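Engineer: here is a sequence with its predicted model. Questions after.
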Amino acid sequence: MPTRSLDRLRSELEVTARPAVPLPGAGPAIAVVFLGSERPEPLASLIRDYVGPLTSAGHAVECIVAVEPWLRGWAADLGAAAEAGVPIRVLVGAYSMGETGLLRMALPYCHAPALLIMSAYHRVESDAIPALVDALRDADLVAARRWPRKDSWISRLQGRLFHGLVARLTGSRFHDLGCGVRVVRRSLLQELPLYGDYYRFLPVLAARDGFVVREKDCSQHPGDARTRVYRPGTYLRRALDLLGLFFLVRFTQRPLRFFGLVGSLLALGGAIVLAVMGFQRIGGQGIADRPLLLVGVLLLVLGVQAIALGLVGEIIVHLHATRQRHYRLADSAGAHRSE
Amino acid sequence: MTESPEISVIVPVMDEEPNIPLLVEAVRLALEGGPEWELLFVDDGSGDGTVAAIIAQRIADPRIRLVQLARNYGQTTGMQAGFDHSRGSVVVTMDGDLQNDPADIPVLIAKLGEGYDLVAGYRLKRQDAWLRRKLPSWVANRMIRWITGVDIRDNGCSLKAYRRELVDRLSLYSDLHRFIPAVAAATAGARIAEVPVRHHARLHGQSKYGLSRIAKVLADLLTIKMIRSFRERPLMLFGSMAFVAALFGLLFAGASVVSMTTFRLHKAEALVLPTAACVWFALTWYLMLLGLIAETALREARLADPEPGPLAQRA
């Protein structure tokens, strides 16, 4: 769970109601952020399809295009932006950083209080965008869910398995974390520490931290419908992401419970093996030439190692506890500490 | 209300709507006529009308305050949020289910005036089921006392009074609310006393705890022991563990030597025993390195944020 400084919490007490998305005419209301890290489609069509409906609805829009270094040439096609009449800024990463890194790079350049974030290709139909933005009025984050799906049954089965696992491990039920189309308040992104590949799991992390998160159905773009079969490395990365997410959500404040459980099971296994062999030795049976003795010792040692790692984790959590608070306030009535 | 009251009563609540008016009235009766006080409710993600009930009370009496958490975080976080936003020089915590009696608050505060930093209530004649609540509580308290060395007979009683100086030194996380006296003694050198308090059966609502908490208590005890004994010298903890691992390594190494010199040596013996000794020595090395990492983390944390020192004992 993300941590928050005490000073920030106290300053939050001044806020008693969530600000609405600013009305048209009050500066940029929405920053449309395109994250270009894979299979980009022509920028002109993206701007026309996703920025156009917002400007037509009267929103003041700014456009940020954040791209990996190898997409520098792709992002240079700014004619459509000029045509749409929206301010646009292109940011090129110094190194390959993935969507999470691109978003972190783009955030300081967004002036609007709300961001519409998407990959550099069509995932949802553009006519769903205004409703998605409007849904932010009573939420901190609105995640698009491609529904109904037009993908193959293999893709849908994979998706169901993945989201079932996420729900099981984190307790948060979302249906389409793979769809990166999200409308989010800038303040949320400033509070949640994003790193690694956790942009994918932003709704889970935000909900876990007490933000109001909604999922909204959006028609899937025909170009996005395909059979998604990835390389083995991708599945391995997703599995590791899930493990990391599981630990972050459940054990960040109590690492010893995780490492202690793993370590205790290993150590218990080792202790049982060694105890049995000990009794056999007392009964006159030789044990020094049996590899099982080594297995018992290894299990015990691994268990101690895991528990020791958990203790280091607890020390680190304890040392930082004085500076951090792990809660968010929804609202406060009269909760002002007088100075 | 801008003046700081002398007494802050903190009550973390979750789904306690029917109890709110009764609790407010009971606190008012107990504290009226004494020093200025405030009653700070911390709503921990209630799904019923608890927040509305508190706001209704606040409209009638501005001494009632509310801190509303964004979701359900648990009692420890609720209590810490209450500490963070309370203003009194004396802070009292209690449950919101009316099992604690606010009439005991003046008794706790009077005891605090004798020079203690924390006064913990212990429940006389508990009105709980023996098998589900009293027995696990008795076992847990015994273990907490034995492992932490802090002689408190009822860690589960939320009715406690604290000095502000102590509250400002406490940082609760995970499920540490069960061990506040031990944490206070370990991290702030608090002087702790106990007084008997009344206990009533729950009038409304459901208990949020069950037998499942025992496993968590056991896991947290190890953490508390570590905090109490080694928070200022983690290398001692890991060094001690490494010493034990080294002893096992020596044992196996000795067995290897005896096997080689005394008995007729088989290939498997030549492999198993020395390898086992090496594994133990590797663990020794690993634990020492972990200890050094922990020392580094401690130093870096202290450099980044020098925490206030322990409380001085009053002469």
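Structural biologist: Noted; the coordinates are in hand. Numbers count the residues shown, from 1 in each chain, chains lettered A, B, ... in the order given.

Engineer: wait, isn't residue B:57 in contact with residue B:20?
Structural biologist: Yes - look at residue B:57 against residue B:20 with Cβ atoms under 8 Å: they come within range, at 6.4 Å. Every residue, glycine included, has its C-beta placed from N, CA and C.

Engineer: with neighbour numbers in mind, choose between the two.
Structural biologist: residue B:20 (25 against 21; other Cβ atoms under 10 Å in any protein chain shown).

Engineer: quick check: the more buried one vs residue B:74, distance?
Structural biologist: According to Cβ to Cβ, to the nearest Å, residue B:20 and residue B:74 sit 20 Å apart.

Engineer: same question for residue B:107.
Structural biologist: Taking Cβ to Cβ, one finds residue B:107 at 28 Å from residue B:74.

Engineer: please apply the same query to residue B:311.
Structural biologist: With the distance defined as Cβ to Cβ, residue B:311 ends up 27 Å from residue B:74.

Engineer: give me the pLDDT value at the residue in the stretch 1-150 of chain B that chain A sits nearest to.
Structural biologist: Residue nearest to chain A within the stretch 1-150 of chain B: residue B:70 (2.7 Å; Cβ to the nearest Cβ). For residue B:70, the model assigns a pLDDT of 91.

Engineer: what's it in contact with, if anything?
Structural biologist: Contacts here follow Cβ atoms under 8 Å, 6 or more residues apart in numbering or on different chains; on that basis residue B:70 touches A:209-211, A:327-330, B:45.

Engineer: separate out the buried members of these.
Structural biologist: Neighbour-count burial (16 or more other Cβ atoms under 10 Å in any protein chain shown) is assigned, among these, to A:209-211, A:327-330, B:45.

Engineer: residues in the stretch 51-200 of chain A within reach of chain B, list them.
Structural biologist: By the rule Cβ under 8 Å from any Cβ of the partner chain, no part of the stretch 51-200 of chain A lies against chain B.

Engineer: pick the one among the buried ones among the contacts of residue B:70 closest to residue B:128.
Structural biologist: Distance to residue B:128, by Cβ to Cβ, is smallest for residue B:45 among the buried ones among the contacts of residue B:70, at 24.7 Å.

Engineer: where does the nearest residue to the closest one once chain neighbours are set aside sit: helix, strand or coil?
Structural biologist: Of all residues not flanking residue B:45 in the chain, residue B:72 sits nearest, at 3.2 Å (Cβ to Cβ, 6 or more residues apart in numbering or on different chains). Here residue B:72 takes the coil state, with states given by DSSP: H, G, I helix; E, B strand; the rest coil.

Engineer: distance of residue B:72 relative to residue A:328?
Structural biologist: 12 Å.

Engineer: give me phi/psi at the residue in the stretch 101-250 of chain B positioned nearest to chain A?
Structural biologist: In the stretch 101-250 of chain B, no residue comes nearer to chain A than residue B:171, which is 4.0 Å away by Cβ to the nearest Cβ. With angles defined as degrees, to the nearest 10, residue B:171 sits at phi -130, psi 100.

Engineer: what does the closest residue to it other than its chain neighbours show for phi and psi?
Structural biologist: Closest residue to residue B:171 apart from its sequence neighbours, by Cβ to Cβ, 6+ apart: residue A:321 at 4.0 Å. Main-chain torsions, residue A:321, degrees, to the nearest 10: phi -60, psi -30.

Engineer: please apply the same query to residue A:323.
Structural biologist: Dihedral angles (degrees, to the nearest 10) for residue A:323: phi -100, psi -20.

Engineer: could you find the closest non-adjacent residue to residue 43?
Structural biologist: Using chain A. residue A:77 (4.9 Å).

Engineer: that answer is for a different chain, and I need it for chain B
Structural biologist: In space, and not counting its chain neighbours, residue B:43 is closest to residue B:68: 4.5 Å by Cβ to Cβ, 6+ apart.

Engineer: that's a helix at that neighbour, yeah?
Structural biologist: No - going by three-state DSSP, the assignment for residue B:68 is strand, not a helix.

Engineer: can you get me a residue count around it?
Structural biologist: The local packing of residue B:68 (other Cβ under 10 Å) involves 21 other residues.

Engineer: surely it is in contact with residue B:50?
Structural biologist: No - Residue B:68 is beyond contact range of residue B:50, at 9.5 Å (criterion: Cβ under 8 Å).

Engineer: what is in contact with those two at once?
Structural biologist: Common neighbours of residue B:68 and residue B:50 (Cβ under 8 Å, 6+ apart) are residue B:43.

Engineer: now do the contacts for the residue of chain A found nearest chain B.
Structural biologist: In chain A, the residue that lies nearest chain B is residue A:210 (2.7 Å; Cβ to the nearest Cβ). With contact set as Cβ under 8 Å, 6+ apart, residue A:210 has these partners: A:327-328, A:330, B:69-71, B:73.
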